[in-house]
Structures are given as structure tokens and as C-alpha cells.
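Asker: need a 3D model of the following:
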Amino acid sequence: MMRAFSIFLILSFLTVLVFGADQKGCTFSKHLDSKAKKGEAQLEVLKGKRFKATDKYYSYDIGICSPAVDTEDTDKDIGVLQVNKTDPSQTKIVGRISSADIMSGPDWVILEYNKGDTYGSHCRGEDGNTPEQRRARIMFICDMSAPDEVATVLEEQNNKTDACYYLFEINTAAVCKKQPLITVGLSVGSILLIVFFCVAAVYLLAGCLYNRFVMHAKGMEQIPNLSFWEDFGNLEADGCDLVCRSRKSRQPRTYKGIGDDQLGESDTPNTDEHLLPM
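Answerer: Modelled structure (predicted):
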């Protein structure tokens, strides 16, 4: 048992020695702020992947924080390697993993490799004499619908006196901002409505059963508190009248009869005297 455990420890140690340098990945010493750490976290899923890109004259091997070409005789620090299509023996190191930089935004991350091979006739620096070193900028764009992660050569910016670079683009969902999970739940109003209808159903069912089997009611009489519900509309109207109306109710008109004192004496002379006996 101890022998097997010792062999396991030796194999683990050898694995670390052989592959440890390759698995260190990128170290971003220039940027230590929160944005750089966020971009590094987004890039974590893509670390160790390799891509190929081509343009008219060259092909490019790209490694994401890992060697671009995994062969015994190739420098393990190469992040991007340029290969001439017509003569594959002509290669240029575009950028090195040990000189990596990172920038990030809401839906993009840029991984930059610096300290590649020096240029020849162009990109001579500000003084026009010192040749610049090549650099690679790998731009990861958020694309949730991207079926495959494919690297594309956008441009080789070598018309400047300084800050020349190779620009690559990779569409991937790995750098997309994680959307919060949407939890579908009931609102307070929905819960109150459900409780109300449940209570109403229990009230109606229990009341009907009580009136039918205990009070021996039939037909409409089985409805609990039937007289109250029959007068419910009138009770609402009375309540509304009491609460909402501010004017006093009109008093009923009274009609008085016309008395004899209100009648004036007739101007017509009394002509009934001839009916009296003489």
C-alpha cells in the first residue's frame, strides 16, 4: 500500500515538472484593477484552447494563455505564431504569453501578446531607426448564437511608426455578461385573490352542506345567509348613500288646503233671500 502511494506521489511530481510551465497561463502584471480581474475571469473558460486563422499570405496559430504550437522543439512561450503559406519554414513569433495584457468591457475582452519578433522595413518606432516588436491583439466578442468559436484575422496594422499590431477576432458566448436568473413567482395581489376564492369556496360549500343536512333546507334555501345576500345590493346602495352623499335629503312637499279665511268675500250679491218664507 505504501509502495503504491509512493509511486503516485512520484508520478504527480513528474507531471508538475513536465507540464507545470505550460499550465501557468497568462500573468497580467500591468493591470490589477477590478476590470482586469473581471476580464480574466471571463477568459478563464477559454484558457488552454487553440485556434487557427488565415489571411491571403499567412496562417496563424493562436493559443489562449497556452502554447500556440505544442511540439517538443517549439518555444512554449509563443502565444501567436505566424507561418508563411508558400514556405512553412518561414515563421514569425507575433506575441509571447509571458508578456500578456488584458482589457475588458461589457461584452468584449481583448487579450494582447507583446514582445514578438521585430519588424523589418516598417514599424521602426518613433525615432525611425529602432524596429518595433510584433504584438497580437485577440478580441473576444460576445455572441450567444455563435455555433463555433472561429478565429478571424481582421487586420495587420503595420502602417504606423509605432504601436503596430495584428488584430484577431473570436466570437464566443464565454465573455457574455451573465444574465440573472428570472424567477417566476406570484405577486401579492395574486396570492390575495387565490386566498379569497379559496375562503369563498369553503364558505359556500360548508354552508350548503350544513343547511342541507342539519337544517334540512331545500333548493335556494341551502345557500348560507341567503337573506343577507338577497339584500346585499340594497345594503351597498345604502352604504354608498351614507358615505358618498353630502347634501341633505329634500323634505317632502306638503300641500295645505285653502281655508275660508283665505277666500275673499264674493262681490256677487246674495240672491237666495226670495227662497225664505214671507
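
Asker: for the chain, which segments count as strands?
Answerer: Secondary structure of the chain (DSSP state E): strands at 50-54, 58-63, 78-84, 91-104, 108-114, 136-142, 151-157, 165-172.

Asker: okay if I get the ones you listed as a markdown table plus distance to F232 and mean neighbour count?
Answerer: No exception for glycine: its C-beta is placed from N, CA and C like everyone else's. Compiled in a markdown table, the strands of the chain are given as follows (distance: least, Cβ to Cβ, whole Å; neighbours: other Cβ atoms under 10 Å):
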| stretch | distance to F232 | mean neighbour count |
| --- | --- | --- |
| strand 50-54 | 76 | 16 |
| strand 58-63 | 78 | 21 |
| strand 78-84 | 81 | 22 |
| strand 91-104 | 66 | 21 |
| strand 108-114 | 65 | 23 |
| strand 136-142 | 61 | 21 |
| strand 151-157 | 74 | 15 |
| strand 165-172 | 66 | 21 |
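
Asker: so which of these is nearest G219?
Answerer: strand 136-142 (69.3 Å; Cβ to Cβ).

Asker: now that closest one: average pLDDT?
Answerer: Here strand 136-142 scores 93 as its mean pLDDT.

Asker: neighbouring strands of that strand in the sheet, and parallel or not?
Answerer: As defined by DSSP bridges, the strand partners of strand 136-142 come to strand 108-114 (antiparallel), strand 165-172 (parallel).

Asker: follow-up on the earlier one: wait, which of the strands of the chain is closest to L192?
Answerer: Across those, L192 has its closest neighbour in strand 136-142 (41.7 Å, Cβ to Cβ).

Asker: hmm, back to that, so which of the strands of the chain gets nearest C26?
Answerer: Proximity to C26 (Cβ to Cβ) singles out strand 91-104 among the strands of the chain, at 3.9 Å.

Asker: look up how far F197 lies from W229.
Answerer: Computed as Cβ to Cβ, to the nearest Å, the W229 to F197 distance reads 17 Å.

Asker: no no, M144
Answerer: Taken as Cβ to Cβ, the span from M144 to F197 is 41 Å.

Asker: now do the contacts for the residue nearest to Q82 when sequence neighbours are not counted.
Answerer: Of all residues not flanking Q82 in the chain, K92 sits nearest, at 4.3 Å (Cβ to Cβ, 6 or more residues apart in numbering). Residues in contact with K92 (Cβ atoms under 8 Å, 6 or more residues apart in numbering) are 81-82, 116-117, 134.

Asker: G219 too?
Answerer: Applying Cβ under 8 Å, 6+ apart, no residues qualify as near G219.

Asker: identify the bridge partners of the nearest residue to D101 once chain neighbours are set aside.
Answerer: Distance criterion Cβ to Cβ, 6+ apart; nearest residue to D101, sequence neighbours excluded, is E112 at 4.2 Å. Judged by DSSP bridges, the bridge partners of E112 are D101, R137.

Asker: so where's this protein uncertain?
Answerer: Scanning the chain for pLDDT under 70 picks out the ranges 1-25, 29-36, 125-128, 160-162, 178-185, 246-278.

Asker: L154 contacts F168, correct?
Answerer: Yes - here L154 reaches F168: they are 6.6 Å apart, a contact under Cβ atoms under 8 Å.

Asker: TSV for the strands of the chain, including distance to V214?
Answerer: Listed next are those as TSV, based on distance: least, Cβ to Cβ, whole Å:
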stretch	distance to V214
strand 50-54	82
strand 58-63	85
strand 78-84	88
strand 91-104	75
strand 108-114	75
strand 136-142	70
strand 151-157	82
strand 165-172	73
